[in-house]
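1. structure for the following, please:
(one chain, ligands or ions: 1)
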Amino acid sequence: MALHTVAALLQAQVPGVPEHRITDIFKPLASPAQSEANIAWLTFAITAGIFVVVATLIVYTIVKFRRKPEYDVLQEPPQVYGSNQIEAAWTVIPILIVFVLIGVTARVVASVENASPPKSTLKIRVIGHQWWWEVQYPDYGITTANEVHMIAGPDGQVSNYIQLQSADVAHSFWIPQLAGKTDLIPNRDNYIWMDPREPGVYVGNCAEYCGTQHANMLLRVVAQTPHDFEEWAANEKKPAVDDPQATAAKAAFLSLSCVNCHNVSGTSARGKFGPDLTHLMTRQTLASNMIVNNPENLKHWVNDPQEMKQGCLMPSFKLTDTELNQVVSYLETLK
Ligand code: CUA
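-> Predicted coordinates:
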């Protein structure tokens, strides 16, 4: 199993495409993530200040009021009632601090949620499934999976508005360097936007426990210049490649139960339960970004998905070697 691990994924760098593999909220590369990181730093600074003040007072008190040798051990220390001024101060100051934090947070949440879209906005719909992501581009008529292509550009000029839905249970969409988490709830539409400043690949994951393979419901955002995005979209819009070399393999694929769950545009495969395979080969990864999309991994995955992603909804169909090779060689034509 070692060949399928995330370590292998980390070596699958696409030439010329910078990969932002650090899932670090303190290295934001989009406006929502930037505002949220600022709040996190402010909260950290205030609480660090409180820590320093309290710790200093404790240390000072311990040192200053140690029992001195001249004191009589049996005698009680002087009993004092306290101080109204001090009690009022340590009640009022924390209340003020809490209100400041609430106020600043509410303002940032509102400014992120109410931001109006810039002229150049791409509409995307992401639907969470156990345990993969369906990705649609309503204005383009494109359906794909697991790798979310977006437009990137300098501050404030381009943006991506994402409608979030769920096909089964609650999931959560999280690309730490681009924006905070937003849940995908059954029978509800949630919205999130992000404006990646730099083209590149941003990684993320499902952030709401959604069952056995929650940890392997990984996300990959491919942020592109508007020109590169249009080029990608133009290819995605086309029906599947019909390679004359693969006629037998295609017939084999279409005769198997794969077609009940998977769609390949332009063929009789019209399933909707699993990821759309029309342009599978344009994706860098398989199994919701668990493994690199290469022929060896694809064959292993099709042969027995349960070995790699136990509990996932694709069973092992116990294909014969011939069938397996045909399915894989057909899938490899889907560029
Ligand atoms: Cu989907 Cu956790």
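2. now the longest helix along the chain: average pLDDT?
-> Looking across the chain with DSSP state H, the single longest helix is helix 31-64. Average pLDDT, helix 31-64: 94.
3. give me the residue from the stretch 51-200 of the chain nearest the ligand.
-> residue 171 (3.4 Å; C-beta to the nearest ligand atom). To be clear about C-beta, it is placed using only N, CA and C from the backbone, and glycine gets the same treatment.
4. state the number of residues packed around that residue.
-> A count of nearby residues for residue 171, using other C-beta atoms under 10 Å, gives 30.
5. gap between it and residue 261?
-> Per C-beta to C-beta, to the nearest Å, residue 171 is found 19 Å from residue 261.
6. could you pull out the helices for the stretch 51-200 of the chain?
-> 84-113 (DSSP state H, counting those that start in this stretch).
7. okay, now the unreliable bits of it?
-> The model of the stretch 51-200 of the chain has pLDDT under 70 over residues 156.
8. get me the contact residues on it for the ligand.
-> Taking C-beta under 6 Å from any ligand atom as the contact definition, the stretch 51-200 of the chain meets the ligand at 128, 131, 171.
9. please redo it, this time with the cut-off set to 8 Å
-> Counting by C-beta under 8 Å from any ligand atom, the stretch 51-200 of the chain comes close to the ligand at 128, 130, 131, 169, 170, 171, 172, 184.
10. do stretch 312-319 and the ligand meet?
-> No - on the criterion C-beta under 8 Å from any ligand atom, stretch 312-319 is out of touch with the ligand, staying 11.9 Å away.
11. and the contacts of that stretch?
-> 130-131, 213, 256-258, 261, 273-274, 287, 302-307, 327 (C-beta atoms under 8 Å, 6 or more residues apart in numbering).
12. please indicate which of the residues you listed are buried?
-> Neighbour counting over the contacts of stretch 312-319 (16 or more other C-beta atoms under 10 Å) leaves 130, 131, 213, 258, 274, 287, 302, 303, 304, 305, 327 as the buried ones.
13. which of those fall within helices?
-> 302, 303, 305, 327.
14. in the residues you listed, find the pair that's most separated.
-> The distance between the two most remote of those (C-beta to C-beta) is 12.6 Å, for 305 and 327.
15. what ranges do the strands span in the stretch 201-335 of the chain?
-> 218-224, 285-286, 291-292 (DSSP state E, counting those that start in this stretch).
16. hey, which of the ones you listed is tucked in deepest?
-> strand 218-224 (a mean of 23; mean count of other C-beta atoms under 10 Å).
17. hmm, who's touching that one?
-> For strand 218-224, contacts defined as C-beta under 8 Å, 6+ apart pick out 17, 133, 146-152, 173-175, 178, 196, 198-206, 232, 284-285, 288-290.
18. and this protein, what are its domains?
-> What automatic domain parsing lists as the domains of the chain is 14-234, 244-331.
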